[in-house]
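Engineer: Got a predicted model here, sequence first, then my questions.
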Amino acid sequence: MEEAEFDKFAEEYSNIHNANIRLSGENSDFFSEYKIQDLAKLIDGHDSRSLDILDFGCGVGKSIPYMHKYFPQSHLTGLDVSQKSLNIARHHHAPIAEFQHFDGQQIPYPDASFDIIFTACVFHHIDEEEHESLFTEIYRCLKPGGMFVIFEHNPLNPLTVHAVNTCPFDENAKLIISGRIKKKLTHAHFSDIKLCYRIFFPSLFKRLRPAEMFLTKLPLGAQYYLAAKKTA
């Protein structure tokens, strides 16, 4: 995790992302919100419970307003290696979240600090040799019964691969097969691991999106998530 790699794109993140995903017919806000909608569906009583939620690799805070929308009673924290990104996140979202710098190795919070730890398209930027130690660190910071939800790009989807290969801030990215993440989550002692593939239809065919609930096991979606629990 190199801080400078993310600092150099912090100010233009949204513009670069929107240009890169134009073939989908959606903007970056769509991709930010659908993930938090999915997260909310995984958490019973999400809108009335006071939860401690960590956005691991929050960047400029694109997920934070949607976390506030779907988890209005919760305490939100953003964590990132890029100080420049965190400054932008604080500028836009300081009233609804706190933001903390991360050294890329140890999460600066005590054991059992969070009910939910969420991360969106972060781990393909991290050397694969570091994944399992970070999953162990995430496990440490979850409360018993807490949930870790990780979204990633699907390397089996050709449009996703094209988008990543042509995106400036993904120049060093290495996409990850879902099974490799699931195996490492198991090694890190997570349980009840759920895998779900997402986003099968571009905006042109969005009327077909209700059918995606029947396709979640088909490994062709543009992205996927794994939801895993810390044993109570």
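Structural biologist: Yes, it's here.
Engineer: Quick check: which element contains L226?
Structural biologist: If you go by DSSP states H and E, L226 is part of strand 223-229.
Engineer: Show me how far that strand is from its chain's centre.
Structural biologist: Centre-to-centre, strand 223-229 and its host chain are 9 Å apart (C-alpha atoms, centre = their mean, to the nearest Å).
Engineer: For the chain, just list every one of the helices.
Structural biologist: 3-7, 13-20, 28-42, 64-70, 83-93, 131-141, 158-165, 178-187 (DSSP state H).
Engineer: For H124, which of those helices is the nearest?
Structural biologist: helix 158-165 (7.7 Å; C-beta to C-beta). For glycine as for every other residue, the C-beta is placed from the backbone atoms N, C-alpha and C.
Engineer: Name the single longest strand found in the chain.
Structural biologist: strand 142-153 (DSSP state E).
Engineer: Which positions within it qualify as buried?
Structural biologist: L142, K143, G146, M147, F148, V149, I150, F151, E152, H153 (16 or more other C-beta atoms under 10 Å).
Engineer: any chance of those in TSV, plus distance to Y225 and pLDDT?
Structural biologist: Output for the buried residues of strand 142-153, formatted as TSV (distance: C-beta to C-beta, whole Å; pLDDT from 0 to 100):
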residue	distance to Y225	pLDDT
L142	16	98
K143	20	97
G146	16	97
M147	11	97
F148	10	98
V149	6	98
I150	6	98
F151	5	98
E152	8	97
H153	11	96
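Engineer: Which pair in those has the greatest spatial separation?
Structural biologist: K143 and H153 (28.8 Å).
Engineer: Sheet-wise, list the partners of the longest strand of the chain with their directions.
Structural biologist: Partners of strand 142-153 in the sheet, by DSSP bridges, are strand 114-120 (parallel), strand 223-229 (antiparallel).
Engineer: can you put these in CSV and add mean pLDDT, mean neighbour count and distance to N157?
Structural biologist: Formatted as CSV, those follow (pLDDT from 0 to 100; neighbours: other C-beta atoms under 10 Å; distance: least, C-beta to C-beta, whole Å):
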stretch, mean pLDDT, mean neighbour count, distance to N157
strand 114-120, 98, 23, 16
strand 223-229, 98, 22, 8
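Engineer: got CSV for these, with distance to M67 too?
Structural biologist: What follows is the strands paired with strand 142-153, written out as CSV (distance: least, C-beta to C-beta, whole Å):
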stretch, distance to M67
strand 114-120, 8
strand 223-229, 15
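Engineer: Show me the one of these that comes nearest G78.
Structural biologist: Judging the strands paired with strand 142-153 by C-beta to C-beta, what sits closest to G78 is strand 114-120, at 10.2 Å.
Engineer: Since that was my last question, I'll sign off now.
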